[in-house]
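**Student:** Need a 3D model of the sequence below.
(2 chains)
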There are 2 protein chains.
Amino acid sequence: MSPRFEIVRSGPGGARLGRLTTAHGVVETPAFMPVATHGAVKGVAPRQLRELGATIVLANAYHLAQRPGVETVRALDGLHALMGWDGPILTDSGGFQVMSLGDLVRVDDAGVYYRSHVDGRAGVLSPEEAVRVQEALGADVAMVLDECLPAGMPRERVARAVARTTAWAARGVAARTRPATALFAIVQGGVDGELRAESAAALAALGFDGHAVGGLSVGEPPDETARVAAATAALLPAAKPRYLMGVGTPSDLLRFAAMGYDLFDCVLPTRNGRNGTLFTRQGKLMIRNATHARDPRPVEEGCACYACTHFSRGALRHLVLAREMLGAQLATLHNLHFYLHLMREIRAALSEGSFPERPAVAAGAWA
Amino acid sequence: MSPRFEIVRSGPGGARLGRLTTAHGVVETPAFMPVATHGAVKGVAPRQLRELGATIVLANAYHLAQRPGVETVRALDGLHALMGWDGPILTDSGGFQVMSLGDLVRVDDAGVYYRSHVDGRAGVLSPEEAVRVQEALGADVAMVLDECLPAGMPRERVARAVARTTAWAARGVAARTRPATALFAIVQGGVDGELRAESAAALAALGFDGHAVGGLSVGEPPDETARVAAATAALLPAAKPRYLMGVGTPSDLLRFAAMGYDLFDCVLPTRNGRNGTLFTRQGKLMIRNATHARDPRPVEEGCACYACTHFSRGALRHLVLAREMLGAQLATLHNLHFYLHLMREIRAALSEGSFPERPAVAAGAWA
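**Tutor:** Predicted coordinates:
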């Protein structure tokens, strides 16, 4: 079965309540995807993800192709079996991660030449290979290989990356063999409105199942991010899902959902959790601070997550300072609950016509 | 309410099915206590311990007194609240851990002089202080301070430790103020039958709620352990619970339950889990071995644990090699399930009169 997307209800200013249906289940949108780069959300078992209300997770095809390897994943009955997660999975091609390898990488029109960060072996990630790997993994949604630049590059360099990204996208479409894996394109163009428009138009013409916006939150000022994200969303086919990659804070999720983005991913809730930084409606809470040592209150009053209903701030601080795995697990659980609850509030508000006021309360000091 | 112990049914050769009732619930014995040294079983949330069938856990008073500190635990409403675990807790005094600090420690009749492994501050752990701390934590069962020697010490040195342990035990009894915290003595005496008998008799006369056997599995040959454990068990009051400290492998649990021991603790299932060593009825399984890379079978066929019902050997190997927290969590879960399932089999066999045959099947290659 091929994934399909429908818009359930439109909200003010382009925001929409949607439904992405895949062979592994339905994703109500706007949705946040917890990050499971190597096939696991750090410290969180899949049954806990379900309990938290996650409906789709993000894995990284490059990392999984390095370890345990595509043939191993196939032998183990695919990525869903590997992860112990039977819900939808979106895989990133890993191009972004490969290009982050710095000296270990070279890019030309053929693709990305790299040395594996795991075993040092030379490899080539081409647009065709990116599709082949993600289909072999059994992803519900795959991403094309794109060229993602850091902020502040000269316009002609950005234009070249846009052209290359379009050419790679076309090759990615041509390489498809598995209808059950949806394929999303990635709009590039830095903070240049013209180039973004050119990229969006070229990709929209190629008939993808959905469109992502990449190359944002890579170092540019936040108001530039918002300007480009808003302009680009308006240029993407409204009937197809829009995915804003690698974004963001709770207030970002609210802001960009309001522009009509449907899918989000970010390492913030999980990484911050492991570092002892907790999201609350009152803002960030640094659990290591001495002020929490004897505080019997939960991280957030009224929060329904397992951490808040069973552990005090003082207890969580102790577990984090004692470097107990459970401390990182509980903090991650709370942060994911915060994010996924915010997304539920956003969807409920879109459904009942109270967007964006109602979720703004859930986002609290982040809004 | 003061904890109480009753023997439900006696099995062959001293083995018995028992019931330890505390203010925080009932412990069916023989029971295995997962180790939560700093207030958490590494990588396992309390609700998962419940699901696994754990009924009592072991924490360490010395470690908790160092961090987060007794006054902090009190301010956070006691050890049960700190741990998010509302079932019975047995605390070790931590004397064993303190004496393991080596150069940081000096022992005389007054107690143990040490420098904290956390902040280097000087401290004294006396028999009175050990009781005070454990009562302040709110332990359901506390252990007296004892002097535990390594294997192979001269007889007169062992005799002195026995005498000191008896004197400390008497001081511990005199220091009690909280009836809800049961107090267990600890028999010492190395592998010397006479000294063990002397220690057991002296302690039995002091009216403890239960008796532990310490100073075994500290480097002596396994058949010496078995000989001393058997002889000592027979000398301890039958009506009170017997706790064999720090033991052991699955076959140990079966062997010593058969001698009439009721309580056990060991870091093996949790530590081995974190290292990727899994317990199965066929023996140890080293999940890092390449042979498991593409094995779609669970760690143990027929095992009902979450890890075995949702993850293949190949998947678990991948998570462990990728150093994902979830790998350690799942392996620990399986190992604790193995141990706690074995204890259920032991109790069921004692209840139905099929001990030790039935649990020997559960222990498998370990028996």
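**Student:** contacting residues around A:Gly11?
**Tutor:** Counting by Cβ atoms under 8 Å, 6 or more residues apart in numbering or on different chains, A:Gly11 makes contact with A:17, A:258, A:349-350, A:353, A:355-356. For glycine as for every other residue, the C-beta is placed from the backbone atoms N, C-alpha and C.
**Student:** Send over stretch A:326-337 as CSV, restricted to the C-alpha atoms.
**Tutor:** The C-alpha trace of stretch A:326-337 is given here as CSV (Å, rounded to 0.1, in the frame of the first residue of the first chain):
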residue,chain,number,x,y,z
LEU,A,326,17.4,5.9,35.0
GLY,A,327,18.0,9.6,35.5
ALA,A,328,18.5,10.1,31.7
GLN,A,329,15.6,7.8,30.9
LEU,A,330,13.2,9.7,33.1
ALA,A,331,14.3,13.1,31.9
THR,A,332,14.0,12.0,28.3
LEU,A,333,10.6,10.5,29.0
HIS,A,334,9.4,13.8,30.4
ASN,A,335,10.7,15.9,27.6
LEU,A,336,9.2,13.6,24.9
HIS,A,337,5.9,13.8,26.8
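**Student:** how far out from the middle of the chain is that stretch?
**Tutor:** Here stretch A:326-337 is found 18 Å from its chain centre; the criterion is Cα atoms, centre = their mean, to the nearest Å.
**Student:** Now look at that stretch and say if it contacts chain B.
**Tutor:** Yes. Applying Cβ under 8 Å from any Cβ of the partner chain, one finds that stretch A:326-337 is in contact with chain B at A:326-330.
**Student:** And stretch A:281-297, by the same measure?
**Tutor:** Yes. Contact of stretch A:281-297 with chain B (Cβ under 8 Å from any Cβ) involves A:293-294, A:296.
**Student:** ok, A:Met276 touching A:Arg288?
**Tutor:** You called it Met, but residue A:276 is Gly. Yes. The pair A:Gly276 / A:Arg288 is scored as a contact, 4.8 Å apart, by Cβ atoms under 8 Å.
**Student:** Now do the contacts for the nearest residue to A:Pro241 once chain neighbours are set aside.
**Tutor:** Taking Cβ to Cβ, 6 or more residues apart in numbering or on different chains as the measure, A:Pro241 lies nearest to A:Gly210, with 4.0 Å between them; neighbours along the chain are not counted. Counting by Cβ under 8 Å, 6+ apart, A:Gly210 touches A:5, A:141, A:182, A:184-185, A:240-243, A:263.
**Student:** Also A:Ala315?
**Tutor:** Contacts for A:Ala315 (Cβ under 8 Å, 6+ apart) come out as B:39, B:76, B:81-84.
**Student:** Could you rerun that using 6 Å?
**Tutor:** With contacts defined as Cβ atoms under 6 Å, 6 or more residues apart in numbering or on different chains, A:Ala315 is in contact with B:76, B:82.
**Student:** try A:Val158
**Tutor:** Applying Cβ under 6 Å, 6+ apart, the residues near A:Val158 are A:190, A:192, A:195.
**Student:** Repeat that for A:His310.
**Tutor:** Contacts were defined as Cβ under 6 Å, 6+ apart; by that measure A:His310 touches B:Gly84.
**Student:** Look up how far A:Asp140 lies from it.
**Tutor:** If you measure A:His310 against A:Asp140 using Cβ to Cβ, to the nearest Å, the figure is 33 Å.
**Student:** Who does the spatially most central residue of chain A form a beta bridge with?
**Tutor:** Note on chain A: the residue nearest the mean C-alpha position is A:Asp265, at 2.0 Å, using Cα atoms, centre = their mean. For A:Asp265, the residues forming beta bridges with it (DSSP bridges) are A:Met33.
**Student:** Kindly report the same for A:Ala182.
**Tutor:** The bridge-partner assignment for A:Ala182, based on DSSP bridges, gives A:Val141.
**Student:** Isn't it up against A:Val141?
**Tutor:** Yes. At 4.6 Å, A:Ala182 counts as touching A:Val141 under the criterion of Cβ atoms under 6 Å.
**Student:** Can you tell me which residues in the stretch 1-150 of chain A are near chain B?
**Tutor:** Of all the residues in the stretch 1-150 of chain A, those in contact range of chain B (Cβ under 6 Å from any Cβ of the partner chain) are A:38, A:40, A:42-43, A:68, A:72, A:75-77, A:82, A:84.
**Student:** Just list the residues touching the closest residue to chain B within the stretch 101-250 of chain A, thanks.
**Tutor:** Evaluated by Cβ to the nearest Cβ, the stretch 101-250 of chain A has A:Val118 as its residue closest to chain B, separated by 9.2 Å. With contacts defined as Cβ under 6 Å, 6+ apart, the neighbours of A:Val118 are A:66-67.
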